[in-house]
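**Q** Would you be able to build a 3D model of this:
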Amino acid sequence: MSAPKKQKTTASSSTKKLLHEAIEDLGGALVHETRHHLADELEQIRAERASAKEARDRIRVTLAPKQPLKASQFVENDGVYPNDSDVSVATTIKRACLKHYPQYDELETRKKIVVDLGANGILDTTKDSAQKQLFSDEDWQWILQKFPRRFDPESVLELNDDKLQQIEKLTRSGALFEARTLAAKMELNHRGATSTLFDVYHEYLKMLEFRKYIFRNDIDITEADAAIKIWGPLLESVMRDLPHLRLKWGDSIGDSDAFKVDVRAVQDVVTKCHKRKEKDTANVEIARLDASVSKIEKDRLKLFLESKCSLDRLVATTGADNAIICGLQLAGRKLTLFSLAMEGDGLYVAVMEMSATLPSTEMDIAQFRQVYKVLSSFKVGLRFLALKS
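**A** Sure thing, here's the model as predicted:
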């Protein structure tokens, strides 16, 4: 008998699928599950980290079947209390989730994001986080100080400042061929991270010289254009220092088993049965140059949910509960690097590491240094994760 065909899964339906699964974990009463069914489900999650499993056990045991769960009754044991507050961070975001979940389909986008993140125990600490409204200004500042950036870029830029100034001077003068040739020579004359630095510059200068139309606003530039002609060459170049990892381009399903991811950084491993298997180490989401704010917010949510699934898999298989997962969002010319880590029982914290905008003119070539910092930090995050796994 042939296997059933998989239905095409959209991002919105995948988000809702994960949401319903997470809500079931927060409180079985919301979906009228019986204790017998919950016990069977608990058997299936034994491989998960102890803290997450204990949190789910505690929630389910205290709830009677078919009894509505009141948001104010829910308490999480993450132990993170802003300014010695009586209510923890995880408790706050999950209570907000439970409060708004019954009206989910009628909620506006940002309220839905609050529900989606809270159901999965994720706190988004980025500048325009939809969860910021759940905390006072003082508590939010405490949270930002509690969870700073986790990665630092390589020092290769500072070590090669004089050479980069030569390339930048030629570029600003319009001598793109000469600038590109100099970058290629520098790449050949060095090894390791320095050689990679100049190869990335070489790829960017080719973009300015031969594909500058990619930055125009008066022509239709698709998401595939952005992936193939802008970010593909830069990401593949910066990743060449990590031969044990590869980028898998095009929609594919990873650890979330729900979303189709634009780009996955995967490690090929051989199982005991001598079968080759892909292990997710990071995910990348790409949007076209004129993407809407709603599209960018939904992509960021998707990136956080994907990262949580990868982190759970990593901890379940290696026990490395101090692991950090990177996520890279590419929206037009802007790139933003996020990291996600578990910071308490049932609490995952997403942090914006850094961001940059790809310069579209020769005169702004100096801004490409910040772009390289973001790409380099992404590589640092992948290298850190590889040591854990």
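
**Q** can I assume L170 sits in a strand?
**A** No - looking at L170 with DSSP: H, G, I helix; E, B strand; the rest coil, it is helix, so not inside a strand.

**Q** Please name the residues that touch it.
**A** Each residue near L170 by C-beta atoms under 8 Å, 6 or more residues apart in numbering is listed here: 176, 178-179, 182. The way it works is simple: take the backbone N, C-alpha and C, and place the C-beta from them, glycine included.

**Q** The residue lying closest to G192 once chain neighbours are set aside - how many residues pack around it?
**A** Counting by C-beta to C-beta, 6 or more residues apart in numbering, G192 lies nearest to D241, which is 7.1 Å off, once chain neighbours are set aside. Burial of D241 is recorded as 16 neighbouring residues (other C-beta atoms under 10 Å).

**Q** pretty sure D241 contacts R191?
**A** No - assessed by C-beta atoms under 8 Å, D241 is found out of contact with R191, at 10.4 Å.

**Q** Which neighbouring elements make contact with the longest helix seen in the chain?
**A** As assigned by DSSP state H, the longest helix anywhere in the chain is helix 293-318. Here helix 293-318 touches helix 11-26, helix 109-119, strand 122-124, strand 276-287, strand 325-331, strand 334-344, strand 347-357, helix 368-388, going by 3 or more C-beta pairs under 8 Å, 6 or more residues apart in numbering; DSSP states H and E.

**Q** Let's have those in a markdown table, adding mean pLDDT and mean neighbour count.
**A** Converted to a markdown table, the helices and strands packed on helix 293-318 look like this (pLDDT from 0 to 100; neighbours: other C-beta atoms under 10 Å):
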| stretch | mean pLDDT | mean neighbour count |
| --- | --- | --- |
| helix 11-26 | 63 | 18 |
| helix 109-119 | 94 | 22 |
| strand 122-124 | 98 | 24 |
| strand 276-287 | 87 | 21 |
| strand 325-331 | 95 | 25 |
| strand 334-344 | 95 | 22 |
| strand 347-357 | 96 | 21 |
| helix 368-388 | 85 | 20 |
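
**Q** between these, which gets nearest to K206?
**A** For K206, the closest of those is helix 368-388, at 12.9 Å, according to C-beta to C-beta.

**Q** Report the central residue of this protein.
**A** Closest residue to the average C-alpha location of the chain: G327 at 2.6 Å, with C-alpha atoms, centre = their mean.

**Q** that's a helix at N83, yeah?
**A** Yes - with three-state DSSP as the criterion, N83 is assigned to a helix.

**Q** Can you report how many residues lie near it?
**A** Neighbours of N83 (other C-beta under 10 Å): 11.

**Q** same thing with the one 10 residues further on?
**A** Burial of I93, expressed as a neighbour count using other C-beta under 10 Å, amounts to 26.

**Q** So it sits against L134, correct?
**A** Yes - look at I93 against L134 with C-beta under 8 Å: they come within range, at 6.4 Å.

**Q** Return every residue with contacts to both of those two.
**A** V114.

**Q** in the longest helix of the chain, what's buried?
**A** 295-316 (16 or more other C-beta atoms under 10 Å).

**Q** With adjacent residues omitted, what lies nearest to L144?
**A** Distances taken as C-beta to C-beta, 6+ apart put T125 closest to L144, at 6.1 Å, once the chain neighbours are dropped.

**Q** and if you look at L328?
**A** Leaving aside its chain neighbours, L328 sits nearest to V284 (4.5 Å; criterion: C-beta to C-beta, 6+ apart).
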